[in-house]
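> Turn this into a model:
(2 chains)
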Amino acid sequence: EAGVTQFPSHSVIEKGQTVTLRCDPISGHDNLYWYRRVMGKEIKFLLHFVKESKQDESGMPNNRFLAERTGGTYSTLKVQPAELEDSGVYFCASSQMGVSTEAFFGQGTRLTVV
Amino acid sequence: QKEVEQDPGPLSVPEGAIVSLNCTYSNSAFQYFMWYRQYSRKGPELLMYTYSSGNKEDGRFTAQVDKSSKYISLFIRDSQPSDSATYLCAMWGGADGLTFGKGTHLIIQP
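Next up is the predicted model:
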């Protein structure tokens, strides 16, 4: 069974540009989470989807970040326009409904804004 | 004060030693306590989780939770070089996402 897959694995963009990260969760997992790790800091929660609905987006840093999950399958996280402080590793995780404690993580997307 | 405190290390021990990794936390709402292992350039991998206080054992790994002290531990017996990784504690109070510690970088010397 395929795990959580994230694309791209690494992205380098200039300040002010737009970047879209993609996450394909494990098939059948209704819960999808985005997290971010900024260098030197702990992994921080960004938001939580249940199927296609945003359950909680309290961790989103500001309105430059937009997450979508069309059809309750894959999810995208768009950063527009990107700022230097957005650099970090963005992780996606998924879990079955009612089992939020057993979340499986993707390998992450390393975003570098220069 | 951070919600979860974890010594980043590095922690270096000889092969075969017992490893003790710890986290403290401040939010009494946390009910589930997890340990993740993360190899370089990979995503976190769930090792085990515990609900409320108590112990849980899985092979060479034992997780302990003491809610009265807000202290959790992960013990690794008969440590192997392949156990070298970053170990992250994480906690969940039933809402939002997981709250992570910074992770402890563990090195097992052959």
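> ok, the residue of chain B found nearest chain A - contacts?
Evaluated by CB to the nearest CB, chain B has residue B:97 as its residue closest to chain A, separated by 3.1 Å. The way it works is simple: take the backbone N, C-alpha and C, and place the C-beta from them, glycine included. Contact analysis of residue B:97 by CB atoms under 8 Å, 6 or more residues apart in numbering or on different chains lists A:33, A:35, A:45-48, A:56, A:59.
> Check pLDDT for those and point me to the minimum.
The member of the contacts of residue B:97 with the lowest pLDDT is residue A:56, at 89.
> so what's that one up against?
Contacts of residue A:56 by CB under 8 Å, 6+ apart are A:47-48, B:95-97.
> swap the cut-off to 10 Å and go again
Residues counted as contacts of residue A:56 (CB atoms under 10 Å, 6 or more residues apart in numbering or on different chains) are A:33, A:45-50, B:95-97.
> Just the buried ones among these, please.
A:33, A:45-49, B:96-97 (16 or more other CB atoms under 10 Å in any protein chain shown).
> tell me how far the ends of stretch A:84-102 are from each other?
33 Å (CA to CA, to the nearest Å).
> before we move on, what about stretch B:16-29?
Using CA to CA, first and last residues of stretch B:16-29 are 36 Å apart.
> Repeat that for stretch B:3-22.
So stretch B:3-22: terminal residues 14 Å apart, CA to CA.
> Quick one: distance of it to the chain centre.
9 Å (CA atoms, centre = their mean, to the nearest Å).
> Could you give the secondary structure assignment for residue B:82?
Classification of residue B:82 using DSSP: H, G, I helix; E, B strand; the rest coil returns helix.
> looking at it, it is touching residue B:76, isn't it?
No - between residue B:82 and residue B:76 there is no contact under CB atoms under 10 Å: 11.1 Å.
> quick revisit: which one of the contacts of residue B:97 is nearest to residue B:66?
When the contacts of residue B:97 are compared for distance to residue B:66 (CB to CB), residue A:45 wins out at 24.5 Å.
> show me the contacts for the closest one.
Contact partners of residue A:45, counting by CB under 10 Å, 6+ apart, are A:33-36, A:56-60, A:93, B:90, B:92, B:96-100.
> Filter these down to the buried ones.
A:33-36, A:56, A:59-60, A:93, B:90, B:92, B:96-100.
> Helix or strand with the lowest mean pLDDT in chain A?
strand A:53-56 (a mean of 91; mean pLDDT, DSSP states H and E).
> Could you point out the helix or strand that follows that strand?
strand A:65-68 (DSSP states H and E).
> one step back: between residue B:82 and residue B:76, which one's more packed in?
Counting neighbours by other CB atoms under 10 Å in any protein chain shown for residue B:82 and for residue B:76 shows that residue B:76 has the greater number, 23 against 8.
> Is that one in contact with residue B:104, as I believe?
No - taking contacts as CB under 10 Å, residue B:76 lies outside contact range of residue B:104: 11.3 Å.
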